[in-house]
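Visitor: Mind looking at a prediction? Sequence and model below.
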Amino acid sequence: MTSTLLLIGAYLIGAIPTGVIMTKLAGGEDIRQLGSGNIGATNVYRTAGRKLGVITLLGDCLKAVIPLLIADYAFHYQGGALALVGLAAFIGHCFPIYLGFKGGKGVATALGVFLVLSPQSILAALILFILVLWRWRYISLASISAAAAIPFLILLFERSLPVFLVSLAIAGIVIWRHRANIDRLRTGTENQFSL
């Protein structure tokens, strides 16, 4: 019973649409009607400003960190059980019940998941993200590269099959949700990132 409630709670926390809430609180339009229409930090940054973009990034990350820390410290979850809580929060962000199951691409929430599950892996993935972004200036390409690397980094640093399988699922969903970006990268029409 406790496990089921934790998974449901993690999903519901993960489903909180940070970008939509922050832009509306700031008096702006619905972020789903602006730019790419995505509710994540990149679209918020581009259409509503740097401050709201950073807040959205942190909020989407915390949506995974909070339920994972609760599961870890309050219920002593570890390994695969803890990874499933992270997966539930990630699924909540990508398919939020509050928005008709139409959510973000999951990059920031995945960051939160792996910050708790494997800090070493996420540090290496962040370095890769920064290098790809610096070289090519595409956030989508950097996100896809980091997502693709995470399962291998999990194997290297954690050597846990359940955590690896969850990381594989998360990476697959992140890359799949970037399929429109991949098409634009192929055709050279993807927007480059600029400060």
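Guide: Perfect, I can see it now.

Visitor: Flag every buried residue along stretch 101-108.
Guide: Going by neighbour count (16 or more other CB atoms under 10 Å), the buried part of stretch 101-108 is 103-108. Where C-beta positions appear, they are placed from N, C-alpha and C, glycine not excepted.

Visitor: Repeat that for stretch 125-137.
Guide: In stretch 125-137, counting by 16+ other CB under 10 Å, buried: 125, 128-129, 132-133, 136.

Visitor: can you map out the helices along this protein?
Guide: 2-14, 18-25, 41-48, 50-69, 79-94, 107-117, 119-136, 139-157, 161-176, 179-187 (DSSP state H).

Visitor: Save these as JSON lines, and put in mean pLDDT too.
Guide: Below are the helices of the chain laid out as JSON lines (pLDDT from 0 to 100):
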{"stretch": "helix 2-14", "mean pLDDT": "95"}
{"stretch": "helix 18-25", "mean pLDDT": "96"}
{"stretch": "helix 41-48", "mean pLDDT": "94"}
{"stretch": "helix 50-69", "mean pLDDT": "97"}
{"stretch": "helix 79-94", "mean pLDDT": "97"}
{"stretch": "helix 107-117", "mean pLDDT": "98"}
{"stretch": "helix 119-136", "mean pLDDT": "97"}
{"stretch": "helix 139-157", "mean pLDDT": "97"}
{"stretch": "helix 161-176", "mean pLDDT": "98"}
{"stretch": "helix 179-187", "mean pLDDT": "96"}
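
Visitor: Please identify the most buried of these.
Guide: helix 107-117 (a mean of 26; mean count of other CB atoms under 10 Å).

Visitor: could you give the angle of that one to helix 79-94?
Guide: Calculated by axes from the mean of the first three to the mean of the last three CA atoms, to 10 degrees, helix 107-117 forms an angle of 160 degrees with helix 79-94.
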